[in-house]
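J.: What would the 3D arrangement of this be:
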Amino acid sequence: MATPLDGSRGPSEHFTWAEAAARPDPAKARESLIYLRGHANLWPAAVRLGEVAEVIRSLVGRPVRVTCGLRPPPIEGALTSQHQAGQAWDLQVDGLTPRALLKIIRTAADQGAFPHPLRQVIAESMHGTAADLDLPMGVGSGRWVHVAVLGVDGEPWGHLSRLPWALSWDPPSADRQYVPA
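T.: Numbers count the residues shown, from 1 in each chain. A predicted model of the protein is given here:
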């Protein structure tokens, strides 16, 4: 298996180890990549995510950008999110809406197109209404699709989410909303 230490290959053909550790803030991205390099237990999940993202890339016929990959936990071993376990990436496809990308992924999953089971897929927006999920994604749009693989071999999150297909947005004066897709 390619590792974050070899400097030449990523977890899959079109995705690099730096993307597996991508963060919107470049300093946090460097911190995530250093963390990933030192935690070989996270590499298999990154490989699975890369393979899933390759299928998504082939389905949409254009590049897929990782906007957020690994987020190191604030306290070593205290995992509170799939991103901290290296099992989730937030993805964007320029010009597609989050809702449309979720539908493409769900249809493909229903047809058995993915090499690994998905735990959760959420069309997300950092904006205030569900209607924002029908606007196109792009750099700085504040819209993405969260894709998480199922944990295996003792990894955390080894069961399907209570809400495996969801829509999410962030109203300005209320808690983040999550509804079934």
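J.: which SSE is residue 123 in?
T.: Taking DSSP states H and E as the criterion, residue 123 maps to strand 118-125.
J.: Please name every helix or strand in contact with the longest helix along the chain.
T.: Ranked by residue count, the top helix of the chain under DSSP state H comes out as helix 43-60. The criterion is 3 or more CB pairs under 8 Å, 6 or more residues apart in numbering; DSSP states H and E, and the helices and strands that helix 43-60 contacts are helix 17-20, strand 88-92, helix 98-110, strand 143-149. Placement of C-beta: from N, CA and C, glycine included.
J.: State the pLDDT value of the nearest residue to residue 115 once chain neighbours are set aside.
T.: Taking CB to CB, 6 or more residues apart in numbering as the measure, residue 115 lies nearest to residue 51, with 5.0 Å between them; neighbours along the chain are not counted. At residue 51, the pLDDT value in this model is 97.
J.: give me the number of residues near residue 51?
T.: 17 (other CB atoms under 10 Å).
J.: how much space between it and residue 20?
T.: Distance check for residue 51 against residue 20: by CB to CB, to the nearest Å, it reads 12 Å.
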